[in-house]
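Student: Next come a sequence and a model predicted from it.
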Amino acid sequence: MYPTVKPATRFFFARLRHPQGRRRLLGIALMAAAVTCTVLVADWGGTDYAWTDPLVLGLAAGAVVAWALFFLSRSRAAEPIIPLRLFRSRIFNVATLLGMVVIGIGMFAVIGYMPTCLQMVYGTSATESGLLLIPMVVGIMGTVIPSGQLISRTGRYKVYPILGTAVVGVAVLLMSTLDTGTSIVVICGYLFLLGAGVGLIMQNLVLAVQNAFPASDVGTATSANNFFRETGATLGTAAVGAVFTHRLTDQLDSRLSAADAKVLGSTDSLTPALVQALPDRVQDTVVLAYQQALTPVFRYLVPLFALGLVLAFLLPEKKLAGGDDHDAVAASSADDTAVETDVAPELTRK
């Protein structure tokens, strides 16, 4: 006898009777409110509104209150969305902060503004500027796979976030030296270097977090780590955008004459297509202003990566279970096979 399949309508209209249902909804609502207020403060502050504007101040106050209520409610919930016990792990705290700093801000700041810079300064199309990010992807793949294989052999991972953070910091420092005469080949080289650093960090931090918790908490710890990393990416991109926009406005005001500013018009919607349609004299001035506004912002990020390097050294290392057992298999395995070998030793022990 085959089991009877219940009608689909039973699932769509069934009433869930979970004792924690309302508390979960409260936690989700508070988290959504906290993240929304935080992101809007970073996005609107200093650009659309002044930092002292009542709207920005109100959003900042709302963010503080929402975060406080969220963590207070999670401390009393039987099944919290983000269990506070995760923050008792030093590995989780350091790895999450390091991911927010290096991955969230470093990689996403470049992805967000480098394509537009290539279109503005070098006159590439949107498609071409996107394709020019391929060296960064190649760099990521060129380090993430070998580092994963080495970790599966030795069970040690701490050295890779240290090396990756240093490489990302050097790459961003090199990007701060770009000017309008820099070759695209050089830019691609810097992007490759950035990707190589990110590849040494990105998955290895997730691995460190997963290795720090028992199997029952792995999914929760991984999702919480990704959540805070993506939140950091949003805040970092918004902060970089605010600084860049302020610098661009100052650069245009100082470089454009009154007549040229009238030809340019409003700078609120400055696009590559609009710039390329300007007279050569005005176009050259705008391109130089754009480049001079963006590249120093990369230099401002270097101290942040120095902090990330300190965090990488402070990251505790907990040797992976069964790391020595992967020795013979990892050398000749592809990606999917390497994942399977991570599980196999655990099964044989049981």
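Tutor: Okay, I see it.

Student: What helix or strand is the closest residue to G130 other than its chain neighbours located in?
Tutor: Distances taken as CB to CB, 6 or more residues apart in numbering put P115 closest to G130, at 5.9 Å, once the chain neighbours are dropped. The C-beta positions use only the backbone N, C-alpha and C, and glycine is treated the same way. Under the criterion of DSSP states H and E, P115 resides in helix 108-122.

Student: So which residues make contact with that helix?
Tutor: Here helix 108-122 makes contact (CB atoms under 8 Å, 6 or more residues apart in numbering) with 124-126, 128-130, 132-133, 136, 172, 175, 180, 184, 187, 191, 194, 233, 236-237, 240-241, 244, 272, 275, 286-287, 290-291, 294, 297-298, 301.

Student: What average pLDDT does it get?
Tutor: Mean pLDDT, helix 108-122: 84.

Student: Please renumber the chain so that the first residue is 32 from this point on.
Tutor: Happy to do that; since the first residue is 32 now, the last one works out to helix 139-153.

Student: after that helix, next one along is what?
Tutor: That would be, after helix 139-153 and using DSSP H and E, helix 157-162.

Student: Work out the gap between the next helix or strand after that next one and the centre of the chain.
Tutor: As assigned by DSSP H and E, the chain's next helix or strand after helix 157-162 is helix 165-185. Relative to the chain's own centre, helix 165-185 is displaced by 18 Å; criterion: CA atoms, centre = their mean, to the nearest Å.

Student: Could I get the buried residue list for helix 165-185?
Tutor: If you call a residue buried by 16 or more other CB atoms under 10 Å, then helix 165-185 has these buried ones: 166-167, 169-171, 174-175, 178-180, 182-185.

Student: just stretch 76-83 next, same as before
Tutor: Buried residues in stretch 76-83 (16+ other CB under 10 Å): 76-78, 80.

Student: So which residues make contact with it?
Tutor: 86-87, 272-273, 276-277.

Student: Let's see which of these end up in helices.
Tutor: Using DSSP state H, the subset of the contacts of stretch 76-83 located in helices is 86-87, 272-273, 276-277.

Student: just the buried members of those?
Tutor: 87, 272-273, 276.

Student: Name the nearest of these relative to A126.
Tutor: For those, the minimum distance to A126 (CB to CB) is 26.2 Å, reached by G272.

Student: what sits against the closest one?
Tutor: G272 sits next to 74, 78, 143-144 when contact means CB under 8 Å, 6+ apart.

Student: looking at it, Y321 is touching L279, isn't it?
Tutor: Yes - under the criterion of CB atoms under 8 Å, Y321 makes contact with L279 at 6.4 Å.

Student: Report the central residue of the chain.
Tutor: With distances taken as CA atoms, centre = their mean, the residue of the chain nearest its centroid is G135 (2.2 Å).

Student: how about the nearest residue to it, chain neighbours excluded?
Tutor: In space, G135 is closest to G263, 3.3 Å off (CB to CB, 6+ apart).

Student: burial count for V341?
Tutor: With neighbours defined by other CB atoms under 10 Å, the count for V341 comes to 12.

Student: quick one: secondary structure of it?
Tutor: Here V341 takes the helix state, with states given by DSSP: H, G, I helix; E, B strand; the rest coil.

Student: A60 versus that one, what's the distance?
Tutor: Using CB to CB, to the nearest Å, we find V341 at a distance of 36 Å from A60.

Student: Ok, Q282 next?
Tutor: Q282 is 42 Å from A60, where distance means CB to CB.

Student: and if you look at L224?
Tutor: Taking CB to CB, one finds L224 at 43 Å from A60.

Student: And these two? Which one has more around it.
Tutor: L224 (20 against 14).

Student: My guess is the more buried one contacts G173. True?
Tutor: No - applying CB under 8 Å as the test, L224 and G173 come out as separate, 10.7 Å apart.

Student: In this structure A239 contacts R187, no?
Tutor: No - assessed by CB under 8 Å, A239 is found out of contact with R187, at 10.7 Å.

Student: between the two, who's got more neighbours?
Tutor: A239 (26 against 14).

Student: just checking, G93 touches V66?
Tutor: No - look at G93 against V66 with CB under 8 Å: they stay out of range, at 11.3 Å.

Student: Let me see the contact set for T326.
Tutor: By CB under 8 Å, 6+ apart, the contact list for T326 reads 206-210.

Student: Of those, select the buried ones using a PyMOL command.
Tutor: Typed into PyMOL, the line below selects the buried ones among the contacts of T326, using 16+ other CB under 10 Å:
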select buried, resi 206+209
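
Student: and of the contacts of T326, the nearest to A246?
Tutor: Nearest to A246 among these, counting by CB to CB, is M206 at 41.1 Å.

Student: what about the nearest residue to the closest one once chain neighbours are set aside, which helix or strand?
Tutor: Distances taken as CB to CB, 6+ apart place F329 nearest to M206, at 4.6 Å, with adjacent residues excluded. Per DSSP H and E: F329 is located in helix 311-331.

Student: chain center to that helix: distance?
Tutor: For helix 311-331 - counting by CA atoms, centre = their mean - the centre lies 25 Å from the chain centre.
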